[in-house]
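Chemist: Next come a sequence and a model predicted from it.
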Amino acid sequence: MKSILLISICTASLLVAGVAPAELAAQEQNPVPVHYTVTDLGTLGGTFGVAYGINNAGKVGGGATLVNGDQHSFLWTQSGGMQDLGTLGGPNSAAGGPNNRTQLAVLSDTTTADPYGEDFCGFGTGLICLGAVWQHDVMTPLPTLGGNNGAAIGINNRGQSMGYAENSTQDATCPAPQVFDYEAVLWGPEPGQVQELPPLPKDTVGFALGINDLGQVVGSSGTCANTPLVPQPVGPHAVLWEHGVPINLGSLGGQQVSTGATINNRGEVAGASDLPGDQALHSFLWTRETGMQDLGTLPGDVDSLPGATGGINNRRQVVGWSCDSAGNCRAYIWQNGVMTDLNALIPPTSPLYLVIAYAITDAGQIVGQAVEKSTGDIHAFLATPVRHQGDGANSTLGVNTEPSSTTSLDVIREEVQQKLNDRLPACSTFPLRTIKASAECFPNNPCSCHIRP
C-alpha cells in the first residue's frame, strides 16, 4: 500500500485540510487545551436533543424533540440558537453536521406508510424514510437505488453526501421488518447524482457513515442477516471506499462487528470492532502505515465507540463514548495514545453530564449528547476548549475549569444513570450488548434507540 499513489493521496489530503505537515506534527505534540467550557444547546421544546456534527464556523446540526415528542432536525448557531429544520412531511427527522456552506444531510420520515412495514429511519413509525439535503430553508429529497427508502448521514465541503439506500432486491435473510437489500450511497455534488458504493466481494449489503473532503467514504458491509441498520448501523467488515472501490480495513480480531465510522482529510479512519471472542467492542484508529489500532476504553469499561461522520479531526483526535458492562456510558476524547473522560475536563459545576461525543473540529470544539444532572433530560451540548494565555501552563481565561475527581465523577455517573433508569426502560441499542437509555431513546418510542447519523 505504501506506493507513490498513496503518498500523493496523503499529500492531497493535507492540502485539502489546509494544514501543513510540520504544523500537524506540532499540533499532535500539544493537541488541545486541558479543559473545556460546556454550552447546553437545549431542545426544540421537548426533553431530548443530540448534536451530531459541527462545522469550522461553530454551527451545529442534530435532532431534538418538540413538546409532543416528535423529533426534528435542527441547525444551531451562536447568534440564532436552535432552528427547527422540519421534515419531509412526516413526524421525525435527524440531521448530521453542517458543512462549510451550511448544507446538512438529513434522514426523515415522509407521510407515506411503507408498503412492507419497514422501519428504515428507525423512528418506529413505519413510514417511508428518505435522505435529503437541507440548505437555505429548503429540504430536498435524494434518490434511492430503486427501493422505497434511503438515509443521508453526512455531507462534505464539496456538497457530496453519503449514507445508504434500498435497491429492489428482496432478501429472505433480512431480519424483520426489513425486506429489501441496501447499499452504501454517495450523492452529488450535482443535484440528482447518485452512486452506489458496492460491498466487499461475497457481501450483499452495505452502508456509509463517514466522508471526507476528498470523497473518501467509510462504513461497513456484510449480508442483510448480519448487517442491521436499526437500531444502529453495524456490519462485520469495515470498509473504505476510494473512487467507488471497497477496501477491507480488517478487524481487531472479532468476527461479528467491524465498522468504519468517520474519516479525516488525511485518510485516517476511526471506527469500532469486536475483539477476539466477540464479547467486547472497542474503538479503533486505522491508518495506511499502521493498520488498525485498538483505542481501548476508559478505566472500568468494556465497550467503546467513536462518533460517526465527524468523530476524528485532522489532528488525529478521536471522540466517542465508553460504556461499562451495564451500559452506563460517558463521552471520551482520545489523543496521543490516551483516552480521557470528557467529564474530567469540564467544570465540576456544569449542570450537564457528557454521555456521547459525536464530532470534533480541528479547533477542538466537540458536540454530542449530555444528561441534565438535575432532571435526567437529554440535551445536545457544545464543549469549547479554554484557550491558555500567559506564561503559566495552567493560565486560563478566568473560567472555573478545575477538573472533577475520579470519585466524584463515579458518583455523578451513578446518579445520572439512576435518573435515566427511573424514566425509561432498558433498550437494546447494539448487537451483543445492552446499552440503556443513556445512549439515545425517543420519548415517544423509548425502545427504538439508535445512534445516528
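Modeler: All right, it came through fine. Numbering: from 1, shown residues only.

Chemist: Enumerate the beta-bridge partners assigned to the nearest residue to Leu298 once chain neighbours are set aside.
Modeler: Spatial nearest neighbour of Leu298, excluding adjacent residues (CB to CB, 6 or more residues apart in numbering): Ser322 at 4.1 Å. To be clear about C-beta, it is placed using only N, CA and C from the backbone, and glycine gets the same treatment. Beta-bridge partners of Ser322, counted by DSSP bridges, are Ser304, Arg330.

Chemist: In which helix or strand does Arg413 reside?
Modeler: Assessed by DSSP states H and E, Arg413 sits inside helix 406-423.

Chemist: I'd like the average pLDDT over that helix.
Modeler: On average, the pLDDT along helix 406-423 is 70.

Chemist: same question, stretch 76-83
Modeler: 96.

Chemist: related to what we said a few turns ago, isn't the residue nearest to Leu298 right up against Gly300?
Modeler: No. Between Ser322 and Gly300 there is no contact under CB atoms under 8 Å: 9.1 Å.

Chemist: between the two, who's got more neighbours?
Modeler: Neighbour count, other CB atoms under 10 Å: between Ser322 and Gly300, Ser322 has more, with 26 against 11.

Chemist: and the gap between that one and Leu66?
Modeler: 31 Å (CB to CB, to the nearest Å).

Chemist: start to end distance for stretch 227-247?
Modeler: Using CA to CA, to the nearest Å, the end-to-end distance of stretch 227-247 comes out at 17 Å.

Chemist: Show me which positions of the one helix or strand Asp109 maps to end up buried.
Modeler: Following DSSP H and E, one finds Asp109 within strand 104-113. Using 16 or more other CB atoms under 10 Å as the test for burial, strand 104-113 gives Leu104, Ala105, Val106, Leu107, Ser108, Asp109, Thr110.

Chemist: The fifth one and Thr309: what is the separation?
Modeler: In other words, Ser108. 17 Å.

Chemist: before we move on, what about the first one?
Modeler: As for Leu104, its distance to Thr309 is 11 Å (criterion: CB to CB).

Chemist: and for the two, which residues touch both?
Modeler: Among the neighbours of Leu104, those also in contact with Thr309 (CB atoms under 8 Å, 6 or more residues apart in numbering) are Gly96, Gly97.

Chemist: Just the CA atoms of stretch 87-101, as CSV, please.
Modeler: C-alpha atoms of stretch 87-101 as CSV (Å, rounded to 0.1, in the frame of the first residue of the first chain):
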residue,chain,number,x,y,z
THR,A,87,-39.1,17.1,8.0
LEU,A,88,-40.1,15.7,4.6
GLY,A,89,-43.7,15.8,5.8
GLY,A,90,-43.6,13.1,8.4
PRO,A,91,-43.2,13.4,12.2
ASN,A,92,-39.5,12.8,12.6
SER,A,93,-36.1,13.7,11.1
ALA,A,94,-32.4,14.0,12.2
ALA,A,95,-29.6,15.9,10.6
GLY,A,96,-25.8,15.4,10.6
GLY,A,97,-23.4,18.3,11.0
PRO,A,98,-23.4,21.2,8.5
ASN,A,99,-20.6,21.6,6.0
ASN,A,100,-18.9,25.0,5.5
ARG,A,101,-21.8,26.0,3.1
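
Chemist: Pretty sure Leu206 sits against Ser220.
Modeler: Residue 206: Gly, not Leu. Yes. Judged on CB under 8 Å, Gly206 makes contact with Ser220 at a distance of 6.5 Å.

Chemist: Give me the more crowded residue out of the two.
Modeler: With neighbours defined as other CB under 10 Å, Gly206 and Ser220 compare such that Ser220 has more, 30 against 27.

Chemist: was I right about the more buried one contacting Phe207?
Modeler: Yes. Ser220 is within contact range of Phe207, at 6.3 Å (criterion: CB under 8 Å).

Chemist: so what sits against both of those two?
Modeler: Looking at what touches both Ser220 and Phe207 (by CB under 8 Å, 6+ apart), the common residues are Thr227, Pro233, Gly235.

Chemist: Look up how far Trp334 lies from Leu352.
Modeler: Using CB to CB, Leu352 is found at 21 Å from Trp334.

Chemist: and if you look at Ala225?
Modeler: 32 Å.

Chemist: More neighbours: which of these two?
Modeler: Using other CB under 10 Å as the criterion, Ala225 and Trp334 rank with Trp334 on top: 24 against 14.

Chemist: Mind listing the residues bridging to the more buried one?
Modeler: Val318, Met339.

Chemist: wouldn't it be in contact with Gln317 here?
Modeler: Yes. Counting by CB under 8 Å, Trp334 touches Gln317, with 7.0 Å between them.

Chemist: Shouldn't Gly122 be within a helix?
Modeler: No. Counting by DSSP: H, G, I helix; E, B strand; the rest coil, Gly122 falls outside a helix, being coil.

Chemist: for it, phi and psi?
Modeler: phi 80, psi 10 (degrees, to the nearest 10).

Chemist: and the gap between it and Asp324?
Modeler: Gly122 is 25 Å from Asp324, by CB to CB.

Chemist: who's more crowded, those two?
Modeler: Neighbours per residue, other CB under 10 Å: of Gly122 and Asp324, the larger number sits with Gly122, 24 against 17.

Chemist: Could you report the neighbour count for the nearest residue to the more buried one once chain neighbours are set aside?
Modeler: Using CB to CB, 6+ apart and skipping the chain neighbours, the partner closest in space to Gly122 is Val230 (4.2 Å). The burial count assigned to Val230 is 19, neighbours taken as other CB under 10 Å.

Chemist: just for the chain, where's the confidence low?
Modeler: Along the chain, segments meeting pLDDT under 70 span 1-33, 388-407, 417, 419-453.

Chemist: Now do the buried residues in stretch 265-283.
Modeler: Neighbour count says stretch 265-283 has 265-275, 278, 280-283 buried, by 16+ other CB under 10 Å.

Chemist: Identify the residues contacting Ser273.
Modeler: Counting by CB under 8 Å, 6+ apart, Ser273 touches Ala238, Ser251, Leu252, Gly253, Gly254, Val257, Ser258, Thr259, Leu281, His282, Phe284, Met292.
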